[in-house]
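Colleague: take this sequence and fold it.
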Amino acid sequence: MKNLVRLALMLVMFSYQNLTAQEKTTLIVEFENIENVSGTLYIGVFEKENFLKKPIFSKSIDVKNSSHKIEFKDLDHGVYAVSVFQDLNGNGTMDAQSNGMPTEPWAMSGTPNPMAAPIWEEVSFQFDDKNKAVKLKI
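Modeller: Numbers count the residues shown, from 1 in each chain. Model (predicted):
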């Protein structure tokens, strides 16, 4: 009986440690020197499984200044990528040429090749700080 009680206590302690270890924090996405102060910024935070298909978090803001700061709260530690485009004509989508090249301003975390489709390994980052900030230039 004592062993059963000890086992139950150990399981409770292990579960508590796992719950407290999965700390949620805030990701800050900063934009500075926005060239065209108009339109809407659409920002998405992606995981690898749904990269550029379905963000796990997303926000949109009207561009009213040349700099903006957006916070994504309660984000688990992990590996993510941030993608943003500036919708200048108000149609809610990122316009592109017939060859797929964007015609509206865009940016991503990391170091994407501006002349090719984004690759996860080039744009993803490890999020493990209390307040991680990603600076993007549109």
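Colleague: how about the most centrally placed residue in the chain, secondary structure?
Modeller: Computing the C-alpha centroid of the chain and ranking residues by C-alpha atoms, centre = their mean puts residue 45 first, at 2.5 Å. The three-state assignment at residue 45 reads strand, by DSSP: H, G, I helix; E, B strand; the rest coil.
Colleague: from residue 119, how far out is the closest residue to it other than its chain neighbours?
Modeller: Once flanking residues are discounted, residue 45 sits nearest to residue 57: 4.3 Å by C-beta to C-beta, 6 or more residues apart in numbering. Bear in mind the C-beta positions are built from the backbone N, C-alpha and C, glycine included. In this view, residue 57 and residue 119 are 21 Å apart by C-beta to C-beta, to the nearest Å.
Colleague: same question, residue 102
Modeller: Taking C-beta to C-beta as the measure, residue 102 falls 16 Å from residue 119.
Colleague: and the strands in this structure?
Modeller: For the chain, the strands defined by DSSP state E cover 24-31, 40-46, 57-62, 68-76, 78-87, 106-108, 125-127, 131-136.
Colleague: and the last one, what's buried?
Modeller: Right, strand 131-136. Buried residues in strand 131-136, defined by neighbour count with 16 or more other C-beta atoms under 10 Å: 132, 134, 136.
Colleague: just the first one next, same as before
Modeller: Taking 16+ other C-beta under 10 Å as the neighbour-count basis, strand 24-31 is seen to contain the buried residues 25, 27, 29, 31.
Colleague: same question for stretch 94-114.
Modeller: Within stretch 94-114, judged by 16+ other C-beta under 10 Å, the buried ones are 94, 104, 105, 106, 107, 108, 109, 112.
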